[in-house]
Every structure is written in structure tokens, then in C-alpha cells.
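S.K.: What follows is a predicted protein model with its sequence.
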Amino acid sequence: MNNKGALSDLFIFMILAFAILFICGIFIFIGGRATSEVHAKLDGTNYAGNENVTQIINQTFDKVNQAYQSLYWISIMLIVGMIISIFIGSYLVTTKPVFFIPYALITIIAIIVAVVMSNAYEQVIQTPLIAGSFTGFTGGNFIMANLPIWIAVIGIVGAIIMFVRMGSRENVGGTIYG
């Protein structure tokens, strides 16, 4: 297959996990803030006859905010899906034993970068303005708080899958491939 993406998978995972959680949190924040601002400006007013604006806001904006509540579990499912795809990618990568050292170095660098990203995420979610929006991301907050450990485990398991399978590919059907 000539798939060489396994070395960068850990970095892509970190960046996408951070981005997914941050974007979902901002969506929830904006949805709640927009609803409260619209209620503050338009509650109690009547337009075009007997239509009560408060009812219209509740029927529209509240439905959007209810839909945004799904982002709490959708985000963790995306992150778990990325972890599974790293393992599947490690299984599918054709590699040689010489690539174990670069893989180990990349994993160590990824762990160091994960410490920085974890601290940055902690600072973002502790900002008083948006902290309430991130409280529902229980699984995502747990993963990002322990990101260096997750990266180490994912990197080590990915290496085990990749390099253990390496020996089984060389002797297939009685024919030795080089």
C-alpha cells in the first residue's frame, strides 16, 4: 500500500483532538450567548400581530442549543475514532525494522508536544468567559488533561501493532518477500 502516514499520526491526532474540542466548545458558547442576547433584546415584544417573539425564540434558538448538546458525545466519538484509525493505520503500514528508532523518537517528541498542548487546553477551558461551555466535555477534558499519557500509550501500542505484524508479512504462503 505504500502507506507512510504512521509517523505523523500522533501529531495529527493531537491537533485534531484539540481543534474538535475547542470548536465544539465555542459552538456551545456562541449558541448559549446568542440565545441569551436575543432573549434580552426581544422578550415580551409582539411583531406582525399576535406572534410572541419569546415563543419564536424558544422554538428556534432552543432547538439549536439542544442540537449543540450532542457535540459533547460526538466530540469524544470522533477522538476515539481517530485512536482506532491510528491502530488500523499501524496495522496496514508496511515497514522495516530500521524505522523503529525514528518511530520511537517521533513518539518521544509527540509526548513532549502533548505536554504543551495539554497545558494550553487547560488554560483555554479555565478562561472564565467560556469555562461553562467546556464542563460537559467530560471524556474530551479527561483525554486532553492526560494527553501525554494517551500519546505514549497510543504510540507504544501503535508501534507494537506495526512492528509485530512486520514479521508475519515476510513469509506469506510459502513465498518469502523482501
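M.R.: Nice, thanks for sending it over.
S.K.: can we go C-alpha only for contacts and neighbour counts from here?
M.R.: OK.
S.K.: Let's see the pLDDT reported for Asn2.
M.R.: Looking at Asn2, its pLDDT is 49.
S.K.: likewise Leu42?
M.R.: pLDDT, Leu42: 79.
S.K.: can you offset everything so residue one is 46?
M.R.: Yep, numbering from 46; the last one is Leu87 now.
S.K.: how much space between the closest residue to it other than its chain neighbours and Phe182?
M.R.: Residue nearest to Leu87 in three dimensions, not counting chain neighbours: Val98, with 6.6 Å by Cα to Cα, 6 or more residues apart in numbering. Between Val98 and Phe182 the computed distance is 32 Å (Cα to Cα, to the nearest Å).
S.K.: ditto for Leu174
M.R.: With distances taken as Cα to Cα, Leu174 is found 16 Å from Phe182.
S.K.: Check what pLDDT the residue nearest to Leu87 gets.
M.R.: On the pLDDT scale, Val98 is placed at 78.
S.K.: And Leu174 and Phe182? Which one has more around it.
M.R.: Set side by side, Leu174 and Phe182 show more neighbours around Phe182, with 20 against 10, by other Cα atoms under 10 Å.
S.K.: quick one: the more buried one and Gln114 touch, right?
M.R.: No - using Cα atoms under 8 Å, Phe182 is not in contact with Gln114; the gap is 10.0 Å.
S.K.: what about Ala155, neighbour count?
M.R.: Neighbour count for Ala155, taken as other Cα under 10 Å: 20.
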